[in-house]
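K.L.:
Model the structure of this input:
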Amino acid sequence: MTEYKIDTYQKVFLKILNFVSYKPRTEKEISDRLARYLGSEKISVEEKEELNEKILFQLKEDGYVDDKKTAKQYLNSYLGSQRPGSISRFKQALKKKGFKETEISDLTSNISAEQEEIKALNEAKKRLTRLKNETGFIKKAKLTNFLYSKGYSANTIKSVVDTLLPLQ
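P.N.:
Residues are numbered from 1 along each chain as shown. Here you go, the predicted model:
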């Protein structure tokens, strides 16, 4: 490698290390950021590809790129979060981060409907405090629409709404 390429390699590698240091990242996220960093360098396309491969290889060797470990960390974060969220939203977030459909379905297959219902129930209880001035049907409709907008399934929404707002 020429001296210029070594300097570029070190500069970009340090930027990527900083990027992965404070949050688990998927290979896709790292590749996208790496492409952005290398795109601003004044080197040939071949050199950019070579540096991209070397940096990704080094990150994998050092253990910074491990999508299975990252996926488990995201799942634990989702399950332990006090902030509610639907399984479908979680799946969308994983897809956006570059996980494959099979990985997503394997990961989310362990999430039970009861866990999602508990998250929806907590979110609905919070929302009901804002709907205290509404009457029966309107309150149910607004709560239902709110839960739909959060990505919960129809069965979960029906169960939660019926639990919180029995026939009035």
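K.L.:
dump the residue contacts of the most centrally placed residue in the chain.
P.N.:
Central residue of the chain (CA atoms, centre = their mean): Ala93, 3.6 Å from the mean position. Listed by CB atoms under 8 Å, 6 or more residues apart in numbering, the contact set of Ala93 reads Tyr74. Quick note: C-beta positions are derived from backbone N, CA and C, even for glycine.
K.L.:
For Ile43, see how far away it is.
P.N.:
Distance from Ala93 to Ile43, counting by CB to CB, to the nearest Å: 34 Å.
K.L.:
where's Val160 relative to Thr108, distance?
P.N.:
For Val160, the distance to Thr108 - CB to CB - is 20 Å.
K.L.:
If you count surrounding residues, which of these two has more?
P.N.:
Between Val160 and Thr108, counted using other CB atoms under 10 Å, the more crowded position is Val160 (24 against 17).
K.L.:
contacting residues for that one?
P.N.:
By CB under 8 Å, 6+ apart, the neighbours of Val160 are 117, 120-121, 124, 147, 152.
K.L.:
and the longest helix for this structure?
P.N.:
Longest helix in the chain by number of residues (criterion: DSSP state H): helix 3-21.
K.L.:
list the buried ones in that one?
P.N.:
8-9, 12-13, 16, 19-20 (16 or more other CB atoms under 10 Å).
K.L.:
which of the contacts of Val160 tops the neighbour count?
P.N.:
Tyr152 (27 neighbours).
K.L.:
quick one: contacts for that one?
P.N.:
Tyr152 neighbours (CB under 8 Å, 6+ apart): 86, 88, 116, 120, 160.
K.L.:
for this protein, which spans come out with low pLDDT?
P.N.:
Applying pLDDT under 70 to the chain picks out residues 1-4, 84, 167-168.
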